[in-house]
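Engineer: have a look at this fold, sequence not included:
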Ligand code: ADP
């Protein structure tokens with residue numbers, strides 16, 4: 001599918017992508033959240049996961065994403081296998097939602113955390129939320145209640161944010177306060193209307 005009015009919203013863990021997404025919604029933009037859709041797809045297709053990994057993967061009748069994560073992150077092949085089951089379903093659902101937004105002929109966002117890592121979507125307009133490494137570390141430690149080495153591990157499991165920054169169509173800087181982020185978002189919105 002060709003995404004004509006879609007703008008991919010991406011960043012790196014802790015750079016402020018979700019916060020920016022909330023601000024964009026406040027300004028009236030539609031945002032399709034790939035993470036949320038992947039959770040919904042997993043719930044709706046839990047039988048596929050049970051078929052592959054057994055019912056131990058369930059907690060209270062639902063797929064336990066923590067248990068699944070433990071299995072998947074310790075084995076690259078299994079991770080790929082699971083992705084090959086779920087990614088087409090996620091993409092299909094995103095495309096259905098995007099098709100109805102395309103009809104409005106107005107910009108909308110698809111929040112895709114790993115846009116550059118996966119390159120699953122043919123979207124040329126990409127806005128990236130950027131923050132420096134130390135700022136991201138502090139934010140992740142606070143948000144996820146983890147120590148600095150765990151936060152660094154999470155950051156290093158993704159493509160470098162500086163490399164992504166060089167590829168993006170627009171960069172929203174988020175090293176400062178929430179008020180500063182809001183004015184960055186306002187400045188950005190003026191460029192797309
Ligand atoms: P991401 O979605 O990129 O992982 P989040 O939007 O969740 O990042 O931001 C990470 C954490 O930092 C969250 O707890 C969020 O509330 C906080 N945060 C984001 N931007 C700012 C900011 N400008 N000032 C203060 N806290 C912020």
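Structural biologist: That came in fine, so what should we check first? Remember, it's a predicted structure, so these values are computed and weren't measured experimentally.
Engineer: helices of the protein, start to end?
Structural biologist: Assignment of helices within the chain using DSSP state H yields the ranges 17-26, 34-44, 46-53, 65-73, 76-102, 115-118, 133-144, 148-156, 161-167, 178-192.
Engineer: which secondary element of this protein has the worst mean pLDDT?
Structural biologist: Within the chain, no helix or strand scores below helix 65-73, which has a mean of 87 by mean pLDDT, DSSP states H and E.
Engineer: show me where pLDDT drops low in the chain?
Structural biologist: 193 (pLDDT under 70).
Engineer: what's the angle between the least confident helix or strand of the chain and helix 46-53?
Structural biologist: Calculated by axes from the mean of the first three to the mean of the last three Cα atoms, to 10 degrees, helix 65-73 forms an angle of 40 degrees with helix 46-53.
Engineer: against which helices or strands is helix 65-73 packed?
Structural biologist: For helix 65-73, the contact count by 3 or more Cβ pairs under 8 Å, 6 or more residues apart in numbering; DSSP states H and E identifies helix 34-44, helix 46-53, helix 76-102 as packing neighbours. Glycine gets a C-beta too; all of them are placed from N, C-alpha and C.
Engineer: wait, what's in contact with residue 30?
Structural biologist: By Cβ atoms under 8 Å, 6 or more residues apart in numbering, the contact set of residue 30 is 101, 108-109.
Engineer: ok, residue 27 next?
Structural biologist: 185-186, 189.
Engineer: change it to 6 Å
Structural biologist: Shown here is residue 27, whose contacts under the criterion Cβ atoms under 6 Å, 6 or more residues apart in numbering are residue 189.
Engineer: hang on, the earlier thing: which of the contacts of residue 30 come close to the ligand?
Structural biologist: When Cβ under 6 Å from any ligand atom is taken as the criterion, no member of the contacts of residue 30 contacts the ligand.
Engineer: rewinding a little: and among the helices and strands packed on helix 65-73, the most buried is which?
Structural biologist: Scoring these by mean neighbour count under mean count of other Cβ atoms under 10 Å gives helix 34-44 as the most buried, with a mean of 16.
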